[in-house]
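Participant: Structure for this input, please:
(2 chains)
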Number of protein chains: 2
Amino acid sequence: MSSPPVPRPPSPVSAVNLAEKFSRIDDFWHPRIVGALNGQLVKVARLQGAFDWHHHADEDELFLVVRGTLRMEMRDETVTIAAGEFYIVPRGVEHRPVADDEVHVVLFEPASTLHTGNVVTEKTRTSLEWI
Amino acid sequence: MSSPPVPRPPSPVSAVNLAEKFSRIDDFWHPRIVGALNGQLVKVARLQGAFDWHHHADEDELFLVVRGTLRMEMRDETVTIAAGEFYIVPRGVEHRPVADDEVHVVLFEPASTLHTGNVVTEKTRTSLEWI
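Facilitator: All right, here's what the predicted structure looks like:
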């Protein structure tokens, strides 16, 4: 699975306000890029419901919750991530994010990461946009 | 400037609570590691006062403010980073973080990054600890 090309934003001259970014998102499970550094991307997404089981063979993935509570189901355990908390899903670990109520999450992962990992489902977004 | 070895934590089985981490820090300008992924480190630090001017030749550095307001002085401009905002200082850009009042910040940068960049000052911490 090759990763999509990553567009570059205009040089930022101000800080990125997360709440303002979330206010511009009107769909779920559709990450948008808000920052790029050192080959990594910072993304934001609104989550609601259950995502698909998947893993990333070579990439660790950080989920920082800024609103709501995210449940990270893994095969052997489930980690609850409340607002103000983060969790890093290690590479290779099958996981399924579940948001019983709406969750706002900041993602940190390599630019090569496809959010559905090793599987392509109806939720898969192969194009990544800046917001 | 070679980077210090980075100790590894026990495998985390729960989310990392940022407020709990900050509550365990009792000094300023002393970043602690709270996460590692893809060759990058997540650090937290309490800031107060002015840091030293420096740059990182090969590393971009993300500052996510979770409490207070941080002023990032650069030679050509100053960016204000409020709570809930982040700013990425591009590699090579001289900068000086200033916290008029106490700031809690989450840093995201390569494991090789020394926080005072190209200079070593009384504030330089060459050993990195997990918290």
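Participant: so which helix or strand takes in the residue positioned nearest the centre of chain A?
Facilitator: In chain A, the centroid-proximal residue (C-alpha atoms, centre = their mean) is residue A:107; its distance is 4.0 Å. If you go by DSSP states H and E, residue A:107 is part of strand A:95-110.
Participant: That strand to strand B:95-110, inter-axis angle?
Facilitator: On the basis of axes from the mean of the first three to the mean of the last three C-alpha atoms, to 10 degrees, strand A:95-110 is oriented at 130 degrees to strand B:95-110.
Participant: Now strand A:95-110: buried residues?
Facilitator: By 16 or more other C-beta atoms under 10 Å in any protein chain shown, the buried positions in strand A:95-110 come out as A:95, A:97, A:98, A:99, A:103, A:104, A:105, A:106, A:107, A:108, A:109, A:110. C-beta here means a position set from N, CA and C on the backbone, and glycine is covered the same way.
Participant: Of those residues, which fall within the contact range of chain B?
Facilitator: Filtering the buried residues of strand A:95-110 for proximity to chain B by C-beta under 8 Å from any C-beta of the partner chain leaves A:108, A:109, A:110.
Participant: Is residue A:88 in a helix, a strand, or coil?
Facilitator: strand (DSSP: H, G, I helix; E, B strand; the rest coil).
Participant: returning to that earlier point: quick check, nearest of the ones next to chain B among the buried residues of strand A:95-110 to residue B:23?
Facilitator: Among those, residue A:108 lies closest to residue B:23 (C-beta to C-beta), at 23.0 Å.
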